[in-house]
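In: got a sequence here, can you build the structure:
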Amino acid sequence: TNQPSIPTYTDDGYFNPWGYQQHPQSMTELNPVWSCSSSGTPEISVAGAGRETVSFQVFITAAPSSVNSSALTGVSVDVTPLSGPGTTLTSDNTQTSNVLRYLEGYIPYTYTNPFTQGWGTTAAMNISGDMPDPLIPFYDPYDTGTPAVATPFNVQPGTTQAVWVDVTIPAGQTAGTYTGTVTVSGNGVSASIPVNLTVWNGTLPRFDSASVNPAHADMLKSWMPLWPMRFQSGEGLPCGGPGCSQDQAMMQKY
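Out: Model prediction:
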């Protein structure tokens with residue numbers, strides 16, 4: 001019920017954002033769970049392996065101006081350290097923390113012209129609304145002392161603001177359940193939500209130091225060849241394949 005005014009894409013027979021263009025799927029929504037269950041105790045539950053970063057979002061909605069003309073001001077979202085059978089996962093204001101928080105930025109978007117590709121013309125892109133895209137770190141990752149950037153923040157009446165939270169699980173982290181608490185506070189808002197992180201007994205492969213670029217992970221190198229045509233056309237390249245120097249440069253960049 002607190003879903004932001006994000007455009008809803010639909011499958012028009014040619015283009016399906018939740019499936020494949022050539023093989024439209026029946027799934028109409030990426031994530032239908034926008035709010036906590038009305039029964040029981042709300043909680044956030046995520047799971048992952050070592051070297052994996054898992055994420056969740058917290059949405060803060062201010063009542064419409066017809067109910068309350070005041071904005072929610074000085075809002076902050078804090079996450080306690082996550083404790084469990086192994087080393088406690090840190091949650092502080094540094095960029096070396098296991099838990100990082102971001103304010104989601106929204107980009108006004110309007111597109112009213114048909115989108116034409118080789119398989120047809122789609123009306124699914126004829127939408128407008130607010131696109132969630134940039135993630136603004138709560139604390140500056142570059143300046144000394146990591147000063148506050150996006151916290152605290154305000155939520156205007158009748159709007160919803162999202163906060164994105166990353167939890168990075170170290171390699172070799174002891175498997176089991178780690179718990180903590182998310183606290184949302186400010187002028188006009190106060191809530192606490194339990195967080196349960198399940199760490200699986202396993203660790204993802206380390207980055208491949210033998211790559212052309214050490215930042216390329218094994219999984220990334222495996223994924224890229226699966227979609228070369230879409231990669232090339234999506235980047236606007238005039239050619240593709242081993243004989244295309246632009247394609248090779250772009251692949252190396254990625």
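
In: what about Glu104, neighbour count?
Out: A count of neighbours around Glu104, defined by other C-beta atoms under 10 Å, yields 19. Every residue, glycine included, has its C-beta placed from N, CA and C.

In: quick check: closest non-adjacent residue to it.
Out: The spatially closest residue to Glu104, leaving aside those adjacent along the chain, is Ala162, at 4.1 Å (C-beta to C-beta, 6 or more residues apart in numbering).

In: give me the element Met251 is part of.
Out: Here Met251, judged by DSSP states H and E, is contained in helix 245-253.

In: for that helix, list the C-alpha coordinates in CSV.
Out: What follows is helix 245-253, C-alpha atoms only, in CSV (Å, rounded to 0.1, in the frame of the first residue of the first chain):
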residue,chain,number,x,y,z
SER,A,245,37.8,-3.2,-31.7
GLN,A,246,35.0,-1.1,-30.1
ASP,A,247,33.3,-4.2,-28.8
GLN,A,248,36.6,-5.6,-27.4
ALA,A,249,37.3,-2.2,-25.7
MET,A,250,33.9,-2.2,-24.2
MET,A,251,34.1,-5.8,-23.0
GLN,A,252,37.5,-5.0,-21.4
LYS,A,253,36.0,-1.9,-19.7
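
In: pLDDT on that helix, on average?
Out: Mean per-residue pLDDT for helix 245-253: 75.

In: and that helix, what does it pack against?
Out: helix 228-234 (3 or more C-beta pairs under 8 Å, 6 or more residues apart in numbering; DSSP states H and E).

In: picking that back up, list the buried residues of the helix holding Met251.
Out: Across helix 245-253, burial judged by 16 or more other C-beta atoms under 10 Å covers 247, 250-251.

In: stretch 48-66 now?
Out: 48-52, 54, 56, 58-62.

In: could you dump it to CSV, C-alpha only?
Out: The C-alpha coordinates for stretch 48-66 follow below in CSV (Å, rounded to 0.1, in the frame of the first residue of the first chain):
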residue,chain,number,x,y,z
GLY,A,48,23.8,-15.4,1.4
ALA,A,49,27.2,-17.0,1.3
GLY,A,50,30.7,-15.8,2.0
ARG,A,51,31.9,-13.0,-0.4
GLU,A,52,28.3,-12.2,-1.3
THR,A,53,26.5,-8.9,-0.7
VAL,A,54,22.8,-9.2,0.0
SER,A,55,20.4,-6.2,0.1
PHE,A,56,17.1,-5.1,1.5
GLN,A,57,15.1,-1.9,1.3
VAL,A,58,13.2,0.1,3.9
PHE,A,59,10.3,2.4,2.7
ILE,A,60,9.3,5.4,4.8
THR,A,61,6.0,7.0,3.8
ALA,A,62,4.6,10.3,5.0
ALA,A,63,0.9,10.8,5.3
PRO,A,64,-0.7,12.9,2.6
SER,A,65,-1.1,16.6,3.2
SER,A,66,-4.9,16.1,3.7
